[in-house]
Structure formats: C-alpha cells, structure tokens
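# Generate a structure from the sequence data that follows.
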Amino acid sequence: MVIGPSPQPLGKHEFIEVHKMLADALPDFSFNTSDAQEEGDRVTLTIQVTGTHTGGLDLRRIGLPVPPVQPAGRAISHPVEHPVVTFRKGKVSALDLPQVPGSGLPGLFDEIGVELPAPTASQS
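Residues are numbered from 1 along each chain as shown. Prediction:
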C-alpha cells in the first residue's frame, strides 16, 4: 500500500495505474531524485516532482470522482519531498510519501487549475 500521494491510500494496481496516467498526461514527469540515505531496511529519498501537462488525465480509471482533465500545457514543480522506501528480503515492501502541502495528486491538480472533491466518509 502507498500512503500520501492521493486523497486515499493506493494499492499496488492503483499505484501502477496512476503512474501510467501520469506518463500519458505529463510525458516529461520526473521525480528528480537528488539524495538517498540508507538506514537499516529503509531508504529516505529527496525528490522534487516536475513535468508539463501536455496530455489528458482521467483519474476515474482508479475510482476518483474527478472529470477528465484536458491538457493545460502548464509546467508543474512540486516542493521537495522525502519519501521513505522500506525493503523486506531485498524488495520494496512499503512506500511512505509524507504529505507535503502542494505535492501529490492534490498539488498536481492545483498546479493545473483543477479542484479535487473533498473526500467522502467512505474515503476517509
């Protein structure tokens, strides 16, 4: 499970689908990793997500009640973030993306001018 980048936790399939959609909507999408610090079974990264919204984005594919977003041509640049990747038996077992104002899907939507709906009781 991935916690942090969206209004609700994402399972493996939703995480993969989100990144496929981001690759379509922002072909130059990049995490821009500038540092990685290992401590035991955890690695803390320093990243800054950037990209340009030149393709359509339809988050209904992962169940978010948001109308499809047409390309805005806007560049995005999120604040610096510090995700933590946990490994078990040499494989990624968890990814924790602490919520940083202006980051994740809410930050992306804000930067391209789209308002996400408030989570419903079933999503919180």
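# Not counting sequence-adjacent ones, nearest residue to V80?
Once flanking residues are discounted, V80 sits nearest to Q48: 5.0 Å by C-beta to C-beta, 6 or more residues apart in numbering. Every residue, glycine included, has its C-beta placed from N, CA and C.
# who's in contact with that neighbour?
F31, N32, S34, S77, H78, P79, V80, E81 (C-beta atoms under 8 Å, 6 or more residues apart in numbering).
# Is the fifth one in contact with T50, as I believe?
Spelled out, it's H78. Yes. Counting by C-beta atoms under 8 Å, H78 touches T50, with 7.3 Å between them.
# between those two, which one's more packed in?
Neighbours per residue (other C-beta atoms under 10 Å) separate H78 from T50, with H78 holding more: 21 against 15.
# And the pLDDT at the more buried one?
With respect to pLDDT, H78 scores 93.
# what's the spacing between the residue nearest to V80 and F29?
12 Å (C-beta to C-beta, to the nearest Å).
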